[in-house]
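Enquirer: Below is the sequence, then the predicted model.
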Protein chains: 2
Amino acid sequence: MRRLGKSTLEFDRPPSVLSHGAVGGKKEAEGPLGSQFDQTFGDTTLQKDSWEKAEAQLQREAVSIALNKAGLKPEEVDFILAGDLLNQCISSTFGLMDFQIPFLGQYGACSTMAQTLLMASILVESGAAGKALAVTSSHFCSAERQFRLPLEYGGQRSPTAQWTATAAGCVLVGVGGRIKVRKGLAGRVQDLGVTDPANMGAAMAPGAAHSIFQFLEDTHTRPEDYDGIFTGDLGLVGSRLLYQCLDANGVDLRPVHQDCGLLLYHRERQDVHGGGSGCGCSAGVLCGHLLRRMEKGELKNILFCATGALMSPTSQQQGLAIPGICHVVQLTAK
Amino acid sequence: MRRLGKSTLEFDRPPSVLSHGAVGGKKEAEGPLGSQFDQTFGDTTLQKDSWEKAEAQLQREAVSIALNKAGLKPEEVDFILAGDLLNQCISSTFGLMDFQIPFLGQYGACSTMAQTLLMASILVESGAAGKALAVTSSHFCSAERQFRLPLEYGGQRSPTAQWTATAAGCVLVGVGGRIKVRKGLAGRVQDLGVTDPANMGAAMAPGAAHSIFQFLEDTHTRPEDYDGIFTGDLGLVGSRLLYQCLDANGVDLRPVHQDCGLLLYHRERQDVHGGGSGCGCSAGVLCGHLLRRMEKGELKNILFCATGALMSPTSQQQGLAIPGICHVVQLTAK
């Protein structure tokens, strides 16, 4: 592993994606990527008696799918890196403990898929792991009641608000697959003073701009060197702000940029306002859509740039702004 | 890096402790290790207007101390791995963002110090980082109101309850220090059905037993091969259960075992019931006490086995048991 420039890691013997699993809920099934999930659940309770248990089940399903596709048993995997949005990351703990794989809990809010993928790749390249799983999830109903209002309240959503995806994604990282993890960058926390929790895209855009700019600078590349630069989950408002932030630095991302939050749903028809969000949004889009497109040869060289808003209801109530972060992973396919 | 047995990692070019910082509150200053903290605060608000901001300040102070001791600026550090007990780990985010070091949020509950130290060591040995910081914190007042009851309620504590430490610890990992990180093990989540949130030691003991037993088996070592095996934070009840769990496997830990939760306070005189707990407990004991003893040559070969209870108030309210985890790090000094 080598360090490039200020913050980028380059893998010498690139770890690869051995398999991946993506599961989603009803709304995700009805979206433009619905057919690309490995499994979707029309009943988003997943027959569990709480939303939190349903979300834990999403992680369990995504991991099971990834393991099954690779023909592996849990005991053949050396580490599982997982996190989610719920307090104390209980979807991960309760969803994954039955696998009995050494567990390293991660917290990156909605950036968790990129963080776990980066960490799993470092573990594999370093020899610490032969195989490692990276997984995350979110659930609309568990997120609403924790971060906003109970569903029963029927609160009105503001136009900039994003819709937390009911989804989970899992990548099994190892050696010998066709899709390689080439480079990565762990983000620095950026806080430009956005305080509106119904406008997470705005809060996360500076983090995305910072990390993408740094990655391009460290690697001496330009946006057009990539088949796609995929952020998640800036939504409509955050994507526009990302362009503005990067324009100021002479970088035009528009020709190659897409946002996972805008790919997952028919934004207007499905009434998701600013777009999708939640750890499961970028995880589902990566594991259900982007990796499939790479396998088909439609995408050969992409940047996956998951973004997270590192606030809590408590920090909000205490008047603090919403800090954002973005981790970048470069994936290539032959 | 090599894998030993089922789960243990051995470092080929062992990363080392370049410096460390430990800060504590008033009660910690009055405990048996009070003089060993780099700094203690008689006013546990740290002049902040919320307990959460005070806890964030503890992390900031611990990192500043570690950086100052090493004569380093934040920009000379490649990663910071941090986590805490608060929802969405806000002590870490808000406490550390001003350093502008690439940030990887970790969630291991009270096992976080061992997890961040293990991950930082992997990053350094792999070449991903030249230097990495591992840090965590807890604060009695922020933890009480989040996990239990507001302080103003004046609730009675049960005899098995533990006292969340107001403390933070930070280790700077790099190359060339006298104290080396030799081996490590990431734990598997263990859930034996303990449901009492006022008895965390009992909930975490099976995780500690599992990880310590696995480490000893993987490395073909016995407890007496170490100068000390330090768990954190099982307290009085959990330590007894740990002995019982290991007795059943033919391992007697008593001669070399101490628990960070029992080292930090005068248990009876300071009225902490079962002992100390919280991420800051094992972090403070490691960074204030154990590493100092290693520097003085009093300890040459230890296992640091921080334990975490991976529950949330929500999982409790939904009737789930409390899963525990324990990560193990072997440290040696010449």
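Expert: Now that the structure is in, tell me what you want to look at.
Enquirer: From now on I want contacts and neighbour counts done on CA atoms only, so please keep to that.
Expert: OK.
Enquirer: For burial, what's the neighbour tally of the nearest residue to residue A:100 once chain neighbours are set aside?
Expert: Nearest in space to residue A:100, with sequence neighbours left out and distances taken as Cα to Cα, 6 or more residues apart in numbering or on different chains, is residue B:188 at 5.6 Å. Using other Cα atoms under 10 Å in any protein chain shown, residue B:188 has 26 other residues around it.
Enquirer: Could you list the contact residues of the stretch 151-300 of chain A toward chain B?
Expert: Residues of the stretch 151-300 of chain A lying close to chain B (Cα under 8 Å from any Cα of the partner chain) are A:186-190.
Enquirer: Tell me the confidence at residue A:243?
Expert: Looking at residue A:243, its pLDDT reads 98.
Enquirer: Quick check: it is in a strand.
Expert: No - counting by DSSP: H, G, I helix; E, B strand; the rest coil, one finds residue A:243 to be helix, located in no strand.
Enquirer: Tell me who's in contact with it.
Expert: By Cα atoms under 8 Å, 6 or more residues apart in numbering or on different chains, residue A:243 lies in contact with A:252-254.
Enquirer: now swap in residue A:241 and tell me
Expert: The contact partners of residue A:241, taken as Cα under 8 Å, 6+ apart, are A:202, A:205-206.
Enquirer: Run a quick check on residue A:120 versus residue A:133, I expect a contact.
Expert: Yes - in this structure, residue A:120 is within contact of residue A:133 by Cα atoms under 8 Å, at 6.6 Å.
Enquirer: Now do the residue nearest to residue A:174 when sequence neighbours are not counted against chain B, distance only.
Expert: In space, residue A:174 comes closest to residue A:131 once its chain neighbours are excluded; the distance is 4.6 Å by Cα to Cα, 6+ apart. To chain B, residue A:131 is 12 Å away according to Cα to the nearest Cα, to the nearest Å.
Enquirer: and residue A:131, how many neighbours?
Expert: So residue A:131, with other Cα under 10 Å, has 24 neighbours.
Enquirer: correct me, but it touches residue A:77?
Expert: Yes - the criterion here is Cα under 8 Å, and residue A:131 meets it with residue A:77 at 5.1 Å.
Enquirer: From the contacts of residue A:243, pick the one nearest residue B:230.
Expert: residue A:253 (51.2 Å; Cα to Cα).
Enquirer: Next, that closest one: secondary structure please.
Expert: Applying three-state DSSP: residue A:253 is coil.
Enquirer: Was I right to think it contacts residue A:223?
Expert: Yes - between residue A:253 and residue A:223 there is a contact at 6.0 Å, judged by Cα under 8 Å.
Enquirer: Mind putting the contacts of residue A:241 into CSV with pLDDT and secondary structure?
Expert: Shown next, in CSV, are the contacts of residue A:241 (pLDDT from 0 to 100; DSSP: H, G, I helix; E, B strand; the rest coil):
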residue, pLDDT, secondary structure
A:202, 96, helix
A:205, 98, helix
A:206, 98, helix
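Enquirer: Could you identify which of the residues you listed has the most neighbours?
Expert: Of the contacts of residue A:241, with other Cα under 10 Å as the count, residue A:205 tops at 34 neighbours.
Enquirer: from what I can see it touches residue A:239, true?
Expert: Yes - contact criterion Cα under 8 Å: residue A:205 and residue A:239 qualify, at 7.0 Å.
Enquirer: mind showing which ranges of chain A have poor pLDDT?
Expert: Along chain A, the model assigns pLDDT under 70 to no residue.
Enquirer: mind giving me the domain ranges of it?
Expert: A:2-174, A:179-333 (automatic domain parsing).
Enquirer: In TSV: these, plus distance to residue B:266.
Expert: Listed next are the domains of chain A as TSV, based on distance: least, Cα to Cα, whole Å:
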stretch	distance to residue B:266
domain A:2-174	30
domain A:179-333	33
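Enquirer: which residues touch residue A:128?
Expert: So residue A:128 contacts B:1-3, B:9, B:122 (Cα under 8 Å, 6+ apart).
Enquirer: And stretch A:172-190, how far out from the chain middle?
Expert: Stretch A:172-190 sits 13 Å away from the centroid of its parent chain (Cα atoms, centre = their mean, to the nearest Å).
Enquirer: can you confirm residue A:88 is in a strand?
Expert: No - under three-state DSSP, residue A:88 sits outside any strand and is assigned helix.
Enquirer: How much space separates it from chain B?
Expert: Distance from residue A:88 to chain B, counting by Cα to the nearest Cα: 6 Å.
Enquirer: What of residue A:309?
Expert: Here the distance between residue A:309 and chain B works out to 10 Å (Cα to the nearest Cα).
Enquirer: Phi and psi next, for that residue.
Expert: With angles defined as degrees, to the nearest 10, residue A:309 sits at phi -110, psi 110.
Enquirer: show me the contacts for the residue nearest to it when sequence neighbours are not counted.
Expert: Excluding its sequence neighbours, the residue lying closest to residue A:309 (Cα to Cα, 6+ apart) is residue A:324, at 4.5 Å. Applying Cα under 8 Å, 6+ apart, we find residue A:324 in contact with A:189-191, A:203-207, A:307-310.
Enquirer: got it, and residue A:201?
Expert: Counted by Cα under 8 Å, 6+ apart, residue A:201 has contacts A:233-239.
Enquirer: can you pick the most crowded of these?
Expert: Using other Cα under 10 Å as the neighbour criterion, residue A:233 leads those with 38 neighbours.
Enquirer: Now, the contacts of residue A:324 that are in helices?
Expert: A:203-207 (DSSP state H).
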